[in-house]
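A.B. asks: What would the 3D arrangement of this be:
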Amino acid sequence: MGLDSPLWSEIEATSLAPGSAERAPDRQHPRIEAEILPLDPELDSPQTSHVHTVPCVLCGYSAPLDPCPHCGGQAQGPSLSGAPPGRATEVWTGLRAVPQGLGILLRGPGLKRCLIPPFLITCVVALLVFTFWVGPAVDWFFALAEATGEDLPWWKRALGAIADSWLFGWLHNISWFVAWVLTIWLTFTLIYEAIAGPFLDEIQGRIEARWFGHDPMEDKDRPVDLPVAVCAKRTAQFGVPGLALGAITFWSAQGWAVLLALPVAAAPLLVAGRLDPEYGKWLAWAAGRELALLWTSVKIALFTGTVMLLFIWLPWVPLIGPPLYMALSGFSLALGLLDIPFSRRGWGGRQRMAFLGAHLPAFAAYGVVGSFLVGIPIFGPLLAVPLLSIGGQWLVVRLNKTGLRQRALAKTTNG
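C.D. replies: A predicted model of the protein is given here:
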């Protein structure tokens, strides 16, 4: 169960700073001027059947009527005060997003520990990737420099010539370091973001609880009124033995039988859900939220991985290729991580594209910062995912959403 679950949120509720759950009554968001969105005949057509969220001009959550039930048009924090940036200052706002994310992460109580589980899991994955894939692949690549013979395939001869060049010849002396850098870069730009989705959602929920007085996603569509303390106790009673049984099954099984570990681990919880239908409804709801968040993070990883695969040839361009490839992966990672705040707000694909198009300078600047961040050796990939996630969340809240709201209201009015 991820840290974004209702169970974990209840247990960790005390981690918010005292008084942070109270909305500041004196922080009224100023009037927001309408933005100009590019026309989209299909999006604007009243005949389209797609249901769009009517976003609040401040928090972005669904608010067909004023005042917004989620934020009340108010927000705590000096970074959210004042009118949204205009066209002339959107680039500067985009450049500020990642530093704002760093400041929020460092100052926010209970945020940094949410990153520990996905970090540790990714470190284990990185060790396995280095041992069984990247390490041997790097050794194989540099061994091509010494391979000779006319019977070698043309592509091996080409790679051998590259490996024997002056630049890669020098890197051969520190091949283990090259292998570790590649491992960290790959795992913390792809695997980490795929694992961290539920934890990043928990972080964004805590941040918005401090901004708006409560997490707008907390207990959304909760099907039962069963106390969360009861759900926590029951989950611990049945979940811990289930995990133990799953671990025993995984380590003792042979071949395909290891796949039985997951259903064995879940079996006690399923039995508890059958014995208590109210708990079963809560369990299904919580599991559905977890899977939805995990799927969101997997989609982000797939998007970034697809871009990296399309430009896999770029690192072989001498001198400028590797840094350009890292910059491209950082840019795609930054844009992909916007899916978390968009998904929390229930924005459809067309709304997302309209919002990105309306604020293209801000998001382009934000992506450029992500490119430089991922390109920092060792520490860049480690910091990129959380900082880009929080920075993107801040940017979505900070930018003007009046035009998006007006369009959604017009669609609702026209049927």
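A.B. asks: Grab the CA positions of stretch 190-200 and hand them over as CSV.
C.D. replies: Once non-C-alpha atoms are left out, stretch 190-200 reads as follows in CSV (Å, rounded to 0.1, in the frame of the first residue of the first chain):
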residue,chain,number,x,y,z
LEU,A,190,12.8,5.6,-15.5
ILE,A,191,12.5,3.0,-12.7
TYR,A,192,12.3,5.6,-9.9
GLU,A,193,9.5,7.6,-11.5
ALA,A,194,7.6,4.4,-12.2
ILE,A,195,7.8,3.4,-8.5
ALA,A,196,7.5,6.8,-6.9
GLY,A,197,4.1,7.8,-8.3
PRO,A,198,2.0,6.9,-5.2
PHE,A,199,4.6,8.5,-2.9
LEU,A,200,4.7,11.7,-5.0
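A.B. asks: Give the residue spans of the stretch 1-150 of the chain that score low on pLDDT.
C.D. replies: 1-52, 139, 141-142, 144-150 (pLDDT under 70).
A.B. asks: where exactly do the helices run in it?
C.D. replies: Along the stretch 1-150 of the chain, the segments classed as helices by DSSP state H, counting those that start in this stretch run 6-11, 41-44, 90-107, 116-129, 135-143.
A.B. asks: between those, which gets nearest to residue 406?
C.D. replies: Among the helices of the stretch 1-150 of the chain, helix 41-44 comes nearest to residue 406, with 10.9 Å by C-beta to C-beta. C-betas here are computed from N, CA, C, even on glycine.
A.B. asks: hmm, back to that, mean neighbour count and distance to residue 235 added to the helices of the stretch 1-150 of the chain, as CSV?
C.D. replies: Formatted as CSV, those follow (neighbours: other C-beta atoms under 10 Å; distance: least, C-beta to C-beta, whole Å):
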stretch, mean neighbour count, distance to residue 235
helix 6-11, 18, 6
helix 41-44, 12, 42
helix 90-107, 19, 29
helix 116-129, 16, 17
helix 135-143, 15, 40
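A.B. asks: And the ones you listed: which comes nearest residue 73?
C.D. replies: So among the helices of the stretch 1-150 of the chain, helix 90-107 is nearest, using C-beta to C-beta, at 20.3 Å.
A.B. asks: Distance of residue 356 relative to residue 335?
C.D. replies: Counting by C-beta to C-beta, to the nearest Å, the separation of residue 356 from residue 335 is 8 Å.
A.B. asks: Excluding chain neighbours, what is closest to residue 239?
C.D. replies: Computed as C-beta to C-beta, 6 or more residues apart in numbering, the closest residue to residue 239 that is not its neighbour in sequence is residue 269, at 5.8 Å.
A.B. asks: can you map out the strands along the stretch 151-300 of the chain?
C.D. replies: When secondary structure is read from DSSP state E, counting those that start in this stretch, the stretch 151-300 of the chain shows no strands.
A.B. asks: how about the helices in it?
C.D. replies: According to DSSP H, counting those that start in this stretch, the helices that the stretch 151-300 of the chain contains are 154-163, 166-172, 175-186, 192-212, 228-252, 261-275, 277-310.
A.B. asks: I'd like to know which of the ones you listed is closest to residue 407.
C.D. replies: helix 192-212 (23.3 Å).
A.B. asks: quick check: angle from the closest one to helix 277-310?
C.D. replies: For helix 192-212 against helix 277-310, the angle by axes from the mean of the first three to the mean of the last three C-alpha atoms, to 10 degrees is 120 degrees.
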